[in-house]
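>>> need a 3D model of the following:
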Amino acid sequence: MRFVLIDRILELKPGDCVTATKSLSLAEEYLADHFPQFPVMPGVLTLEACLQAIGWLVRSTNDFQFNHVQIRSIRALKYGQFLTPGDTLEIFAKILEKTDADYELKFQGTIRGRSAVSGKVVVRECAFSQNLHGLSRVPLETTAIPNDQTCPWIQTHFRKELAKLCPQTANRESKPNT
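Predicted coordinates for the structure are as follows:
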C-alpha cells in the first residue's frame, strides 16, 4: 500500500525550500485502527509527509534528473501536537547544505502554528537503473545514467505530478541549478 501524503505544494523554490500541506480527514483508511476512539495520524506517517515534501524539493533542485531520494539519517526528531481529522499539517523544509549527491535539510510540520514534528534529515539523490534483473536502486555514483542524459520519461512524469500538487509551477519553465 502506498500513501501520497501531500495534498498541495504551496511554494517550491528549487535549491532552497518547500512549503506543502496535508489535510487530514476522517476518511483516511489508517484512522480506523489508529485509534478508533481517538483518531490521530500516526507519527511515522506525519514524518513520511515531511519526507515526501523534501523529496519534491530535492528532485526539483536538479530538474528531476533523479527519481529516488534515499534517507541517510534523521536527527533531532521531535513530535508535538497530534494531527486529528479536520487539521491541516503545514510542512516547511529548507536545504541547509548540499555536498555532491547529499542534502542536509531541516523541516518542521505545524498545525495552527504549533509544532507537530520537526527535525533534520540527510538524504541522497539516486536514480533507478535498468539491469538484467529489472529495476533496482543504484546509488548516484554507480548509476548507469550519466547526469547529462536524464531519461525524458522520468522528467515528464515528475513534472506532471508536480503540476497536480503545485498548479503555479505548471506554466513555469524549469531551470536546472548549476
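
>>> which helix in this protein has the most residues?
When the chain is parsed with DSSP state H, its longest helix is helix 43-61.

>>> against which helices or strands is the strand or helix carrying Val69 packed?
Using DSSP states H and E, Val69 falls within strand 68-79. Judged by 3 or more Cβ pairs under 8 Å, 6 or more residues apart in numbering; DSSP states H and E, the packing partners of strand 68-79 are helix 43-61, strand 114-131, strand 134-139. Backbone N, C-alpha and C define where each C-beta goes, glycine included.

>>> show the pLDDT at the one residue sitting closest to the centre of the chain.
Centroid-nearest residue in the chain: Gln52, 2.1 Å away (criterion: Cα atoms, centre = their mean). pLDDT, Gln52: 96.

>>> sorry, back to before: pull out the buried residues from the longest helix of the chain.
45-61 (16 or more other Cβ atoms under 10 Å).

>>> which elements pack onto the next helix-or-strand element following the strand holding Val69?
As assigned by DSSP H and E, the chain's next helix or strand after strand 68-79 is strand 88-99. For strand 88-99, the elements it packs on are strand 17-23, helix 43-61, strand 102-111, judged by 3+ Cβ pairs under 8 Å, 6+ apart.

>>> so where's this structure uncertain?
For the chain, the stretches flagged by pLDDT under 70 are 1, 128-151, 153, 170-178.

>>> now do the SS call for the residue located most distally from the centre of the chain.
Largest separation from the mean C-alpha position in the chain: Gln37, at 30.2 Å (Cα atoms, centre = their mean). Assigned by DSSP: H, G, I helix; E, B strand; the rest coil, the conformation of Gln37 is coil.

>>> what about Arg100, how many neighbours?
Not Arg; residue 100 is Asp. 9 (other Cβ atoms under 10 Å).

>>> picking that back up, residues contacting the strand holding Val69, please?
With contacts defined as Cβ atoms under 8 Å, 6 or more residues apart in numbering, strand 68-79 is touched by 43, 46-47, 51, 54-55, 58-59, 102, 115-128, 137, 139.

>>> 7 Å - rerun?
Contacts to strand 68-79, defined as Cβ atoms under 7 Å, 6 or more residues apart in numbering, come from residues 43, 51, 54-55, 58-59, 102, 117-128, 137.

>>> adjacent strands (with direction) for that strand?
strand 114-131 (antiparallel) (DSSP bridges).

>>> gap between Lys164 and Ala101?
Distance, Lys164 to Ala101, using Cβ to Cβ, to the nearest Å: 27 Å.

>>> more neighbours: which of these two?
A direct count of neighbours by other Cβ under 10 Å for Lys164 and Ala101 places Ala101 higher, at 19 against 11.
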